[in-house]
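Undergrad: Here's a sequence, model it:
(one chain, ligands or ions: 1)
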Amino acid sequence: MYIVSGCLAGLCCRYDGRDNADERVMGLVREGRAVPVCPEQLGGLPTPRPACEIVSNRVLTEKGVDVTDNFLRGAEECLKLAKMVGARKAILKARSPSCGSGMVYDGTFSSKLVEGDGLFAAILKREGIEVETE
Ligand code: SF4
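TA: Numbering: from 1, shown residues only. Presented below is the predicted three-dimensional model:
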């Protein structure tokens, strides 16, 4: 069983209210082999919502509002679901401050990338769940 980013499964849960539909991920969901989650929504953030980036281990909007607690809460809730369904692997949206794995935006809101994981990807890895991006 996979846990997958909701936006890759075609849900309009992105910060701008759109999706990142990915055929492979949608196919896994259709076959009953993947469960879609959106940690930012489960952390209580609205959709649409301001874009966020990781800045010195905190998650901030471009205006400097600290939403780290929402991101952490959402990541924990999604981890619960991942454990509930026995997920051993995850396919997550690249570069997101929640779902990104290996590379994330650098905190300057200028589309530059740095090495690092989003908060949800990091929690999954800590729990031994293999993470790949789309
Ligand atoms: Fe997609 Fe993850 Fe962002 Fe939700 S938090 S919109 S699932 S990348």
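Undergrad: ok, residue 43 - contacts?
TA: 67, 69-75, 77 (C-beta atoms under 8 Å, 6 or more residues apart in numbering). The way it works is simple: take the backbone N, C-alpha and C, and place the C-beta from them, glycine included.
Undergrad: Which ChimeraX command selects the buried ones in those?
TA: A single ChimeraX command selects the buried members of the contacts of residue 43 (16 or more other C-beta atoms under 10 Å):
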select :67,70,71,72,73,74,75,77
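Undergrad: Residue 107 - how many residues pack around it?
TA: Residue 107 has 18 neighbouring residues, counting by other C-beta atoms under 10 Å.
Undergrad: my guess is it meets residue 55, correct?
TA: Yes. Checked against C-beta atoms under 8 Å, the pair residue 107 and residue 55 is within contact range at 3.8 Å.
Undergrad: From the centroid of this protein, which residue is nearest?
TA: residue 99 (2.7 Å; C-alpha atoms, centre = their mean).
Undergrad: Look up how far the ligand lies from it.
TA: 4 Å (C-beta to the nearest ligand atom, to the nearest Å).
Undergrad: For that residue, which non-adjacent residue is closest in space?
TA: Nearest-residue entry for residue 99: residue 92, 3.8 Å, with adjacent residues in sequence omitted and distances by C-beta to C-beta, 6 or more residues apart in numbering.
Undergrad: Does that neighbour have any beta-bridge partners, and if so which?
TA: residue 133 (DSSP bridges).
Undergrad: okay, it: pLDDT?
TA: Note for residue 92: predicted pLDDT of 98.
Undergrad: elements contacting whichever helix in the chain runs longest?
TA: Assignment by DSSP state H gives helix 68-84 as the longest helix of the chain. On a contact count with 3 or more C-beta pairs under 8 Å, 6 or more residues apart in numbering; DSSP states H and E, helix 68-84 meets strand 2-5, strand 34-37, helix 39-42, strand 58-61, helix 119-126.
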